[in-house]
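Colleague: Give the three-dimensional model of this entry:
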Amino acid sequence: MTRATLAIALLVLVAGCAPQIRGDVTYDPNALYRNYQTVAWVEGQGVGSSEVRAITEKGVRTELEKDNLRFVEDRAQADLLVRINLGRHKRTKMSGMAGAATQKVGLDVILIDRKSGDWVWHGWATETWESELDPQTEVTKALAHMFEDFPPTK
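Modeller: Below is the predicted model of the structure:
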C-alpha cells in the first residue's frame, strides 16, 4: 500500500469516527408562518448547564429574529411559543474491552401556535462523542442546520 493510499484510508477512518450532528425538521405545511410576528419563551425540559442553556437560547433568538420575529415578555401577546429541550445520555461500551463511555447530547426546538396549542415546527439535533466538545461551536452548528430553511415554504 502506498503512503498516499494509507494516508487517504486513515483520513476516511478518522472522519468516520468524528462526531457528527444528525437532525431533522418537521413542520405543519398548513401553518401560515408569515403571519407570525411575535414569540415568547415557555419552560423547556432537560439537563445541561446554565451556560449551555444560555448559549442555546441566544442562538435560537438570533435565528428567529433573522426572520423578523420579535420576542415579547408576555406569553399572552405572542403568536408563537418557543420551547427548548436539552438532553444528555451516557452509554457505556459493553464489548468486553475497556474503553471510554460515549455521550449523546440532544437539542429540541419546538414552536407552538399559542392560540391553537399545536406544534407548528420542530427541529432536533443529536451528536455523539467520546470527549468534550465546545458548546458554543456545537450549538451554533446544530441551530444553523435546523434553521437553514426557516420558515418553511409551501
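
Colleague: In the chain, where is pLDDT below threshold?
Modeller: 1-19, 46-48, 88-104, 129-133, 154 (pLDDT under 70).

Colleague: For it, which segments count as helices?
Modeller: With DSSP state H, the ranges of helices along the chain come out as 3-17, 50-66, 135-146.

Colleague: For the longest one, list every residue counted as buried.
Modeller: Going back to what we said before, that points to helix 50-66. 52-53, 55-56, 59-60, 63-64 (16 or more other C-beta atoms under 10 Å). Yep, even glycine has a C-beta here, placed from its N, CA and C like the rest.

Colleague: For it, what is the distance to the chain centroid?
Modeller: 10 Å (C-alpha atoms, centre = their mean, to the nearest Å).

Colleague: what's the angle from that helix to helix 135-146?
Modeller: 30 degrees (axes from the mean of the first three to the mean of the last three C-alpha atoms, to 10 degrees).

Colleague: got a list of contacts for helix 50-66?
Modeller: 39, 41, 44, 48, 71, 82, 84, 86, 107, 109, 135-136, 139-140, 143-144, 146-147, 150 (C-beta atoms under 8 Å, 6 or more residues apart in numbering).

Colleague: go again using 7 Å as the cut-off
Modeller: When contacts are defined by C-beta atoms under 7 Å, 6 or more residues apart in numbering, helix 50-66 is touched by residues 39, 71, 82, 84, 86, 107, 109, 135-136, 139-140, 143, 147, 150.

Colleague: What segments of the chain are strands?
Modeller: Along the chain, the segments classed as strands by DSSP state E run 21-27, 38-41, 45-46, 70-71, 80-91, 102-113, 119-129.

Colleague: Any chance of CSV for the ones you listed, columns mean neighbour count?
Modeller: Compiled in CSV, these are given as follows (neighbours: other C-beta atoms under 10 Å):
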stretch, mean neighbour count
strand 21-27, 15
strand 38-41, 18
strand 45-46, 12
strand 70-71, 14
strand 80-91, 16
strand 102-113, 20
strand 119-129, 19
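
Colleague: Not counting residues beside it along the chain, what's closest to residue 121?
Modeller: residue 111 (4.0 Å; C-beta to C-beta, 6 or more residues apart in numbering).

Colleague: wouldn't that neighbour be in contact with residue 118 here?
Modeller: No - the criterion here is C-beta atoms under 7 Å, and residue 111 misses it with residue 118 at 10.0 Å.

Colleague: Could you report the separation of residue 59 from residue 107?
Modeller: Using C-beta to C-beta, to the nearest Å, residue 59 is found at 10 Å from residue 107.
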